[in-house]
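Visitor: Predicted model, plus sequence, below.
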Amino acid sequence: MRRWKTDVILPIVLLSALAGPGCSPAPQWPYVVELGATKLNVEVAITPDELTRGLMYRDELGSNWGMLFVYDSEQPLGFWMKNTRVPLSIAFIDRARVVRDIKDMAPETEDVHRSSVPVMYALEVNRGWFAKHGVEVGSTVKFSTGLEEYIAHKR
């Protein structure tokens, strides 16, 4: 019996010590972006694998959910809908967090939808979500503190 307690308690004590003040805080979920008066929950694509996969192979996307694609610097971006089953709209957003383009994209197509200027972020949502919520070119986007911290930590 004594061996079991040691085997269980020792790892718990070690894990507690590792999670002390030197560790970074746990990410706040869900991440949130604000577009005018509207808040949107987002998943974040920041690693090469996440940026490549995006919303592929999904059968649905929640009504107030999207995916934020984060790049290291402003650059021309292009997105397609190969293996993406959900009709989407995409907003291309610059470093200052201003929407520069919005495009609608049809599912399962390989047409490339490009930003008209270099941008640092892309935000995919259900098709028509931006129009429904009054988001247009020139709108500003605000990231929640948790999202800001997550992006800084991942870079």
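Guide: Yep, that arrived.
Visitor: how close does the residue lying closest to residue 95 once chain neighbours are set aside get to residue 133?
Guide: Spatially, and ignoring its direct neighbours in sequence, residue 95 is nearest to residue 120 (4.8 Å; CB to CB, 6 or more residues apart in numbering). C-beta coordinates here come from the backbone N, C-alpha and C atoms, glycine included. Relative to residue 133, residue 120 is positioned 22 Å away (CB to CB, to the nearest Å).
Visitor: Ok, residue 68 next?
Guide: 16 Å.
Visitor: neighbour-wise, which of the two wins?
Guide: The neighbour count for residue 68 versus residue 133, taken as other CB atoms under 10 Å, is higher for residue 68 (23 against 17).
Visitor: List the beta-bridge partners for the more buried one.
Guide: Note on residue 68: beta-bridge partners residue 44, residue 123, judged by DSSP bridges.
Visitor: and it, what is it in contact with?
Guide: 31, 33, 42-45, 121-123, 147 (CB atoms under 8 Å, 6 or more residues apart in numbering).
Visitor: sorry, back to before: can you point out the helix or strand that includes the residue nearest to residue 95?
Guide: Per DSSP states H and E, residue 120 falls inside strand 119-126.
Visitor: Report whether residue 149 is found in a helix, as I expect.
Guide: Yes. Counting by DSSP: H, G, I helix; E, B strand; the rest coil, residue 149 is located in a helix.
Visitor: neighbours around it, how many?
Guide: So residue 149, with other CB under 10 Å, has 16 neighbours.
Visitor: Tell me how far residue 75 lies from residue 81.
Guide: Distance of residue 75 to residue 81, computed by CB to CB: 20 Å.
Visitor: Among those two, which residue is more densely surrounded?
Guide: residue 81 (23 against 10).
Visitor: And the closest residue to residue 82 other than its chain neighbours, how close does it get to residue 96?
Guide: Closest residue to residue 82 apart from its sequence neighbours, by CB to CB, 6+ apart: residue 110 at 5.2 Å. Relative to residue 96, residue 110 is positioned 31 Å away (CB to CB).
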